[in-house]
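In: Can you look at this prediction? I've put the sequence above it.
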Amino acid sequence: MTHKYYIKTFGCQMNEYDSEKIGGVLNIKSQLTETSAPEDADLIILNTCSIREKAEVKVFSDLGRFRELKEKNPRLRIAVGGCVASQEGENIIKRAPYVDLVFGPQSLHRVSELLNKRESSGKPQIDISFPEIEKFDHLPITNKNCVSASVSIMEGCSKYCSFCVVPFTRGEEVSRPLEGILSEIVRLTFNGVSEITLLGQNVNAYRGLMGNGDIADFSLLLEYVAEINEIKRIRFTTSHPNEMTDSLINCFRSIDKLAKTIHLPIQSGSDRVLSAMKRNYTTLEYKSIIRKIRKVCPEISLTSDFIIGFPNETDNEFRSTIKLMKDLEFDYSFSFLYSPRPGTPASYIDDNITNEIKQQRLEELQNLNVSQGKNYTKMMKGTDQRVLFDHYSKKNKDILLGKTDNNRIVEVNANSNLLNKFVNVRIAQTDKKNLQIEPLI
């Protein structure tokens, strides 16, 4: 009988959320407790992500190391979950026959059931089905006392960008009913949660069923969440430009609890590349969205995603991306080299750009963005910021740390009266990695 589980999580906040829920299922249904040491575990789970390059290679590399643990402990069970599991399916068992469970993102609530079937049958178990919203009806609410928490409001993606595998590994967009989301958030507040992050592959594409039969869009969901008194700050990620409605944009003016920051992936500054990516918007349309957002919320922090080296990206097209970054003055953003994902339309495009050129372009873009992020930090000096102080510094227990709306770290001399509280502060110094504030009275 197993007693401890170990989970290694790859990828995005959605996977972090899923891993927490997997742990809850195992704790309640299988009476397992978590361990941070894989060598102490009776069940090892890899919760995988297939977005980045060589995702499968990394998974099988980890499996090879865990195989040695299983040889020493035959009772050890090994499971692969997440998007690589959904993508590879039975191939995981063929390549690594010592794996006991394979389950997809939509069937993680069945992990204890699969574990029981593995024990009774003596055979590996695979479930990479897409039961849509079913999993949310079976996932436990975390019992951890914490001040910040995430809630997944929808699953999957229906955009089918030419470079992305998500629609094939997580399915098409399916939204949770409104009442179920609000109920989960309210229950989280019982454990002290006052900051909530709403998650989705395309979170602003949310269209959830209401109790009266109507459909709530994302802006209406935000309004309902803001009405929960215990919730003091609301975040969301990740958004798609095509779903940035005027009603959602206006939320940045009408909802004070909404963090003054937005992550809105553009991917490229070239219209031809955007068309080849099947993003279904132009740079002009993207800029128009940003103008609208900044009009209702001038202080908003804008971050984005950029893919560099999409097949046959010309130097002029890359220059268009550089110009876009300069024009819109992004805060710290994410940028990656394009990597072909198996089975996606873009993976079949012949590419004539060398890796050396792609790497040079990525370095130039990242250097520009770092300078933009630093400039944004400097401009915060003298401004008033809303900070949630939620943990002590690991290096100095006399320092309490918190985050601004735009995720800058603020430090203050430890004061137990501020822990897990929101405080409005004025930024006094920005010359260090952590922001310094004026003395609190």
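Out: Here it is on my side, so go on. Treat the numbers as computed from the prediction; the structure is a model and nothing was measured.
In: Just the pLDDT at C12, thanks.
Out: Listed pLDDT for C12 reads 79.
In: so it touches C49, yeah?
Out: Yes. Here C12 lies in contact with C49, judged by Cβ atoms under 8 Å, at a distance of 6.6 Å. (C-beta placed from N, C-alpha, C; glycine too.)
In: So those two - more neighbours on which side?
Out: Shown here are C12 and C49; by other Cβ atoms under 10 Å, C49 has more neighbours (21 against 17).
In: nearest residue to that one other than its sequence neighbours?
Out: For C49, ignoring the flanking residues on the chain, the nearest one in space by Cβ to Cβ, 6 or more residues apart in numbering is G11 at 2.6 Å.
In: Contacts only, for the one you found.
Out: Under the criterion of Cβ atoms under 8 Å, 6 or more residues apart in numbering, the neighbours of G11 are T48, C49, I51, R52, G82, C83.
In: contacts for stretch 428-439?
Out: Taking Cβ under 8 Å, 6+ apart as the rule, stretch 428-439 contacts 377-378, 380-382, 385, 387, 401, 404, 408-412, 425-427.
In: can you pull out the strands in the stretch 251-400 of the chain?
Out: 261-263, 301-303, 305-308, 334-337, 384-392, 399-403 (DSSP state E, counting those that start in this stretch).
In: buried ones in the longest helix seen in the chain?
Out: For the chain, the longest helix by residue count, based on DSSP state H, is helix 355-379. The neighbour-count check on helix 355-379 (16 or more other Cβ atoms under 10 Å) flags K358, R361, L362, L365, Q366, L368, N369, Q372, G373, Y376, T377 as buried.
In: Give the other helices and strands that it contacts.
Out: strand 305-308, helix 315-328, strand 334-337 (3 or more Cβ pairs under 8 Å, 6 or more residues apart in numbering; DSSP states H and E).
In: average pLDDT across it?
Out: Here helix 355-379 scores 96 as its mean pLDDT.
In: Could you point out the bridge partners of I427 in the sheet?
Out: Assessed by DSSP bridges, I427 has beta-bridge partners I437.
In: was I right about it contacting V387?
Out: No. I427 is beyond contact range of V387, at 9.5 Å (criterion: Cβ under 8 Å).
In: higher neighbour count, the two?
Out: Neighbours per residue (other Cβ under 10 Å) separate I427 from V387, with V387 holding more: 25 against 21.
In: mind listing what the closest residue to that one other than its chain neighbours touches?
Out: Once flanking residues are discounted, V387 sits nearest to G402: 4.2 Å by Cβ to Cβ, 6+ apart. Residues in contact with G402 (Cβ under 8 Å, 6+ apart) are V387, L388, F389, D390, I409, V410, E411, V412, L418, V423.
In: Out of these, which end up buried?
Out: Buried by 16+ other Cβ under 10 Å: V387, L388, F389, D390, V410, E411, V412, L418, V423, out of the contacts of G402.
In: on that earlier part again, what touches both of I427 and V387?
Out: Counting by Cβ under 8 Å, 6+ apart, the contacts common to I427 and V387 are V410, I437.
In: Report the contact partners of the residue nearest to the spatial centre of the chain.
Out: Of all residues in the chain, the one closest to the mean position by Cα atoms, centre = their mean is Q13, 2.7 Å from it. If you count contacts by Cβ under 8 Å, 6+ apart, Q13 has them with S150, T197, L199, T237.
In: Give the residue spans of the stretch 51-200 of the chain that score low on pLDDT.
Out: The stretch 51-200 of the chain contains residues with pLDDT under 70 at 52-55, 132-135, 138, 142-143.
In: Which stretches in it count as helices?
Out: Along the stretch 51-200 of the chain, the stretches classed as helices by DSSP state H, counting those that start in this stretch are 55-72, 82-88, 90-95, 111-121, 166-169, 178-189.
In: Could you export those helices to TSV, including columns for mean neighbour count and distance to N312?
Out: Converted to TSV, these look like this (neighbours: other Cβ atoms under 10 Å; distance: least, Cβ to Cβ, whole Å):
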stretch	mean neighbour count	distance to N312
helix 55-72	15	24
helix 82-88	26	26
helix 90-95	15	30
helix 111-121	16	42
helix 166-169	22	23
helix 178-189	18	42
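In: Mind putting these into a markdown table with distance to F336?
Out: Below are the helices of the stretch 51-200 of the chain laid out as a markdown table (distance: least, Cβ to Cβ, whole Å):
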| stretch | distance to F336 |
| --- | --- |
| helix 55-72 | 13 |
| helix 82-88 | 16 |
| helix 90-95 | 25 |
| helix 111-121 | 30 |
| helix 166-169 | 15 |
| helix 178-189 | 30 |
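In: and G343, which of those is closest to it?
Out: Between G343 and those, the tightest spacing by Cβ to Cβ is seen for helix 166-169, at 6.5 Å.
In: Quick check: the gap between L63 and K4.
Out: Remark: distance between L63 and K4 (Cβ to Cβ, to the nearest Å) = 19 Å.
In: do D398 as well
Out: 34 Å.
In: repeat for S148
Out: 26 Å.
In: number of nearby residues for the closest residue to L324 other than its chain neighbours?
Out: Distances taken as Cβ to Cβ, 6+ apart place G269 nearest to L324, at 3.3 Å, with adjacent residues excluded. Other residues lying near G269 total 24 when counted by other Cβ under 10 Å.
In: CA atoms only: put stretch 177-196 into PDB for me.
Out: The C-alpha coordinates for stretch 177-196 follow below in PDB (Å, rounded to 0.1, in the frame of the first residue of the first chain):
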ATOM      1  CA  PRO A 177     -20.600  27.000 -14.900                       C
ATOM      2  CA  LEU A 178     -20.400  30.400 -13.200                       C
ATOM      3  CA  GLU A 179     -21.800  29.100  -9.900                       C
ATOM      4  CA  GLY A 180     -19.200  26.400  -9.600                       C
ATOM      5  CA  ILE A 181     -16.400  28.900 -10.000                       C
ATOM      6  CA  LEU A 182     -17.900  31.300  -7.400                       C
ATOM      7  CA  SER A 183     -18.500  28.500  -5.000                       C
ATOM      8  CA  GLU A 184     -14.800  27.400  -5.200                       C
ATOM      9  CA  ILE A 185     -13.600  30.900  -4.600                       C
ATOM     10  CA  VAL A 186     -15.900  31.400  -1.600                       C
ATOM     11  CA  ARG A 187     -14.600  28.200  -0.100                       C
ATOM     12  CA  LEU A 188     -11.000  29.300  -0.700                       C
ATOM     13  CA  THR A 189     -11.700  32.500   1.300                       C
ATOM     14  CA  PHE A 190     -12.500  30.300   4.300                       C
ATOM     15  CA  ASN A 191      -8.800  29.300   4.300                       C
ATOM     16  CA  GLY A 192      -7.700  32.900   4.200                       C
ATOM     17  CA  VAL A 193      -7.400  33.500   0.400                       C
ATOM     18  CA  SER A 194      -7.800  37.200  -0.500                       C
ATOM     19  CA  GLU A 195      -6.000  37.200  -3.900                       C
ATOM     20  CA  ILE A 196      -7.400  35.000  -6.700                       C
END
